[in-house]
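1. need a structure here:
(one chain, ligands or ions: 2)
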Amino acid sequence: MTQTAYRARLLTFRDDPAHAADGAVFEEDGLLLVEDGRVVAAGAYTALAARIAPDAVIKSMRDKLIVPGFIDAHIHYPQTDMIASPAPGLLPWLNTYTFPTERAFADPSHARETASFFLDELLACGTTTALVYCTVHKESADAFFTESEARNLRMVAGKVLMDRNCPEFLRDTAQSGYDDSAELIARWHNRGRQQYVLTPRFAATSTEAQLEACSVLARAHEDVFIQTHVAENTDEIKWVEGLFPGHRSYLDIYDHYGLLRRRAVYGHCIHLDDTDRRRMAETGSVAAHCPTSNLFLGSGLFDFEKAGAANMPVALATDVGGGTSFSMLQTMNEAHKIARLTGHNLSATRMFWLATTGAAKVLDLDDTVGTLAPGSEADFVVLDPQATPLLARRTARAGSLEELLFAFALLGDDRAVFETYAAGERVHQRGARRAAALELAA
Ligand code: GUN
Ligand code: ZN
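-> Numbering: from 1, shown residues only. Ligands and ions are numbered 1, 2, ... in the order given. The predicted structure is shown next:
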């Protein structure tokens, strides 16, 4: 198959820049060679120019910055239509907007149409991999995977498990949730680029029998992901502790059912204690930090200092529709400010690591995505430092890589994403969606 050669500025990572001074790898004049959907080589143009195949398609975009595709560690696709819904905190927001909205996903055509829009929106923001909550309906997961597979994206998604404390129309049972999840794993896990995640919504909406059934499935499928919410909101914590008396902490409930392990991703992790953080670290479980959601719902401030001290694996996430933006750049913007409020300085370089290679590493996906390393799937984003007049003005004065990335993180959003590629194919081009919509309307 034909090789494509991208000449641009390149950023990838070999290690966490918080721990290794040379963790970030940046080429001012870089070359990325892609063939058969995979990276062949990435590095300095001068070092690699001789490897450009005679029939290669050459794309010169020297003012742009290519980075690995962003990874969003926690997002709800059915909540796309209710993003920015006002409520005084998590529990009223769930009851007033979330549950009624999720009801509609029993209808496969509604689910397909929403999944399609959702994926286009993610790609417009440069996100090429996400851990996605569907609804309780297995049709919602089938619809999502069908749309993701059609775009050849590496996505991780799962049907929500919920057998109590929610409206009757959104309830499964321990047995039906088990059966549906097992069926979806058989149908979708590791089919092409699709992967499955067991998804008990949170302890409040699962009985002990359901958490036990989930644990049986988790043991039977060691490489399947697990995702849920923990310690997000103080009212939620009081409620859960009343439902599961006798546990040391909220996190300990999941631990009791064997749900802490590699590839287990816990949304929020705001109100954990040091024992919880150590337990997350010991088991390789991942905290998905959701800054825009935590600010919007007033849930609290994630503590990067304590997470680091405990060595707790962390990734960044939008948590749409609790989150207020699909953009991982906007997510970095708010993550930086939350870090400041908790006495920590979170550099842009580290935030780009957390949204790319760092996320892939803690999710055991680093053999496939998250870097520009040879052999990895060619999922990458082309960022435009001139995307807006202000961004152009600020990036023109950037005196270092950190300043350039900081400008993208603080001022950027979907406008900064020039193109997005998945498995070597262009899956988003800025302006094309709007142009297509205008053409349809004309
Ligand atoms: N806790 C339980 N369900 C949800 C949800 O959909 N969003 C958020 N942010 N928290 C939750
Ligand atoms: Zn969530």
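2. hey, let's count contacts and neighbours off CA atoms from now on
-> Noted.
3. looking at the protein, which helix or strand does the model trust least?
-> The element with the least model confidence among the helices and strands of the chain, by mean pLDDT, DSSP states H and E, is helix 432-441, at a mean of 84.
4. For it, buried residues please.
-> By 16 or more other C-alpha atoms under 10 Å, helix 432-441 has no buried positions at all.
5. Give me the helices and strands touching it, please.
-> In terms of contact count using 3 or more C-alpha pairs under 8 Å, 6 or more residues apart in numbering; DSSP states H and E, helix 432-441 is assigned no packing partners among helices or strands.
6. Doesn't Gly43 lie inside a strand?
-> Yes. The assignment for Gly43 by DSSP: H, G, I helix; E, B strand; the rest coil puts it in a strand.
7. and it, bridged to which residues?
-> According to DSSP bridges, the residues that bridge with Gly43 are Leu31.
8. residues near it, how many?
-> Residue neighbour count, defined by other C-alpha atoms under 10 Å, stands at 24 for Gly43.
9. Kindly report the same for Glu212.
-> Other residues within reach of Glu212 by the criterion other C-alpha under 10 Å amount to 19.
10. What's the separation between the closest residue to it other than its chain neighbours and Gly321?
-> On the basis of C-alpha to C-alpha, 6 or more residues apart in numbering, the spatially nearest residue to Glu212 that is not a chain neighbour turns out to be Tyr257, at 6.2 Å. Distance of Tyr257 to Gly321, computed by C-alpha to C-alpha, to the nearest Å: 28 Å.
11. Next: Thr420.
-> Thr420 is 23 Å from Gly321, by C-alpha to C-alpha.
12. same question, Ala231
-> 18 Å.
13. same thing with Tyr77?
-> Applying C-alpha to C-alpha, one obtains 8 Å for the distance of Tyr77 from Gly321.
14. So for these two, which residue has more residues nearby?
-> For Tyr77 versus Gly321, neighbours defined as other C-alpha under 10 Å are more numerous around Tyr77 (27 against 23).
15. pretty sure that one is touching Glu113, no?
-> No. Judged on C-alpha atoms under 8 Å, Tyr77 makes no contact with Glu113 at a distance of 11.0 Å.
16. Touching both of the two, which residues are there?
-> Counting by C-alpha atoms under 8 Å, 6 or more residues apart in numbering, Tyr77 and Glu113 have no common neighbour.
17. what's the longest helix in this protein?
-> helix 108-124 (DSSP state H).
18. check contacts around whatever residue of the stretch 201-350 of the chain ends up closest to ligand 1.
-> Distance from ligand 1 to each residue of the stretch 201-350 of the chain (C-alpha to the nearest ligand atom) is smallest for Gly322, at 4.8 Å. If a contact means C-alpha under 8 Å, 6+ apart, then Gly322 has 83-84, 292-294, 296-297 as its contacts.
19. among those, which are within reach of ligand 1?
-> The residues of the contacts of Gly322 that also fall near ligand 1, by C-alpha under 6 Å from any ligand atom, amount to none at all.
20. Drop anything exposed from those.
-> Using 16+ other C-alpha under 10 Å as the burial test, those include 83, 292-294, 296-297 as buried.
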